[in-house]
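J.: give me coordinates for this.
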Amino acid sequence: MRTNIELIALVSGAACVAGLVLAVVALVGTRRPPGRAPGAGPGLGRLWRGSGTTAREQQAHQALLIGAVVAGALAFLLTGLPVVGLLVAVAVPGTPWLFSVGRAEQRAIARIEAVGEWTRRLKDVSATGQGLQQAIIGTVTTAPEEIQEEVRLLAARLQAGWLARSALLAFADEIGDPVCDQVVAALILHLTDRGERLGDVLGSIASAAAAEVATRREIEAKRTQPRFAVRFLTGMTLATIAYGLLNREYVQPYDTPFGQVVMAVLGAAFVALLAWVRSMSQPPRPARFLPAPDPSEVVA
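T.: Below you'll find the model as predicted:
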């Protein structure tokens, strides 16, 4: 009889936690990489796939959801407190999100540096007398790893008959940074007026990209302290939750309906504090000036 009750409690806790986790993930979402389109599909399918653009990213997102439900159900079974189960479930996807603070900006800086390097290579290839489209296609094999996929897709679109302007705008949209917008704007202007100083313009933009990388890295170094605070607070929170799971007496004062309300309020306030501190350590997203490609003008 006791086993049946525990099983029912486990299933009920899992169902409750699953619903709450799905609600939290639906409201908060996940941060997608700069310039990448979110995963397609509305509703539960979109929630299950997450915002990843590759199969590996989607599988990691799904593993986090499953792990959150299982961990929350086990925490509820061990303590008998639904709010503890919810906090543990939220901590499963929330911990890597908090510990990964700064990685998106580091990736963005690496991509800007790659754009500058690719611009220099494009300048060298175009200086041999090749047309712009052929020069772009010729840089596929030597494109930096950080943007190799985007450059390969740009070349494939040009070879498939896309209008050069639309293909370049799509490339800029995928990179999602104003430095790349400058490169693409120069290339589009070259397609219009066929000027002979494209190499000089690309060289200037590549130098500006290098200066932008240096500036952003300096700013990143100054953000180290608040990001350490985010990781420290996250670690302390995990230690507190773990201690509460191992020591039943620690959470005994919350073992009442009113106590659960108090725990929920305190937990929500602390989660909001962590998210606020994390947001303060993140730089504002730079504004772009090029529009997305018009789907009606993709192919000539």
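J.: quick one, helices of the stretch 201-300 of the chain?
T.: 224-246, 257-280 (DSSP state H, counting those that start in this stretch).
J.: rank those helices by mean pLDDT and give me the bottom one.
T.: Ranked by mean pLDDT, the helices of the stretch 201-300 of the chain bottom out at helix 224-246, with a mean of 80.
J.: quick one: list the elements packing against it.
T.: Counting contacts by 3 or more CB pairs under 8 Å, 6 or more residues apart in numbering; DSSP states H and E, helix 224-246 is packed against helix 55-79, helix 82-99, helix 257-280. The C-beta positions use only the backbone N, C-alpha and C, and glycine is treated the same way.
J.: what's the closest of these to residue 110?
T.: Closest of the helices and strands packed on helix 224-246 to residue 110 is helix 55-79, at 17.5 Å (criterion: CB to CB).
J.: for the closest one, buried residues please.
T.: 57-58, 61, 64-65, 68-77, 79 (16 or more other CB atoms under 10 Å).
J.: quick check, nearest of those to residue 127?
T.: residue 57 (38.2 Å).
J.: look up how far residue 88 lies from that closest one.
T.: Noted for residue 57: a distance of 24 Å to residue 88, by CB to CB, to the nearest Å.
J.: which one of the helices of the stretch 201-300 of the chain lies nearest to residue 113?
T.: Nearest of the helices of the stretch 201-300 of the chain to residue 113, taken as CB to CB: helix 224-246 at 19.7 Å.
J.: so where is the chain shaky, pLDDT-wise?
T.: 1-54, 194-196, 297-300 (pLDDT under 70).
J.: if we can go back for a sec, need the helices and strands packed on helix 224-246 in a markdown table (columns: distance to residue 108).
T.: Shown next, in a markdown table, are the helices and strands packed on helix 224-246 (distance: least, CB to CB, whole Å):
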| stretch | distance to residue 108 |
| --- | --- |
| helix 55-79 | 17 |
| helix 82-99 | 17 |
| helix 257-280 | 16 |
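J.: for the residue nearest to residue 243 when sequence neighbours are not counted, grab the count of nearby residues.
T.: Nearest in space to residue 243, with sequence neighbours left out and distances taken as CB to CB, 6 or more residues apart in numbering, is residue 250 at 6.0 Å. A count of nearby residues for residue 250, using other CB atoms under 10 Å, gives 13.
J.: what of residue 258?
T.: 8.
J.: so who does it touch?
T.: Contacts for residue 258 (CB atoms under 8 Å, 6 or more residues apart in numbering) come out as none.
J.: near residue 211, how many other residues are there?
T.: 11.
J.: ok, residue 133 next?
T.: So residue 133, with other CB under 10 Å, has 17 neighbours.
J.: secondary structure element for it, which one?
T.: helix 132-138 (DSSP states H and E).
J.: now that helix: buried residues?
T.: Buried-residue list, helix 132-138, by 16+ other CB under 10 Å: 132-133, 135-138.
J.: how close does residue 121 get to residue 147?
T.: 11 Å.
J.: distance to residue 197 for the buried residues of helix 132-138 - can I get that in a markdown table?
T.: Putting the buried residues of helix 132-138 into a markdown table (distance: CB to CB, whole Å) gives the following:
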| residue | distance to residue 197 |
| --- | --- |
| 132 | 13 |
| 133 | 19 |
| 135 | 15 |
| 136 | 18 |
| 137 | 22 |
| 138 | 20 |
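J.: residue 188: which of the residues you listed is nearest?
T.: residue 132 (9.9 Å).
J.: please name the residues that touch that closest one.
T.: 126, 164, 187, 190-191, 198 are the contacts of residue 132 under CB under 8 Å, 6+ apart.
J.: neighbour-wise, which of those residues leads?
T.: Within the contacts of residue 132, most neighbours by other CB under 10 Å means residue 187, with 25 neighbours.
J.: look up phi and psi at residue 80.
T.: Dihedral pair for residue 80: phi 80, psi 10, per degrees, to the nearest 10.
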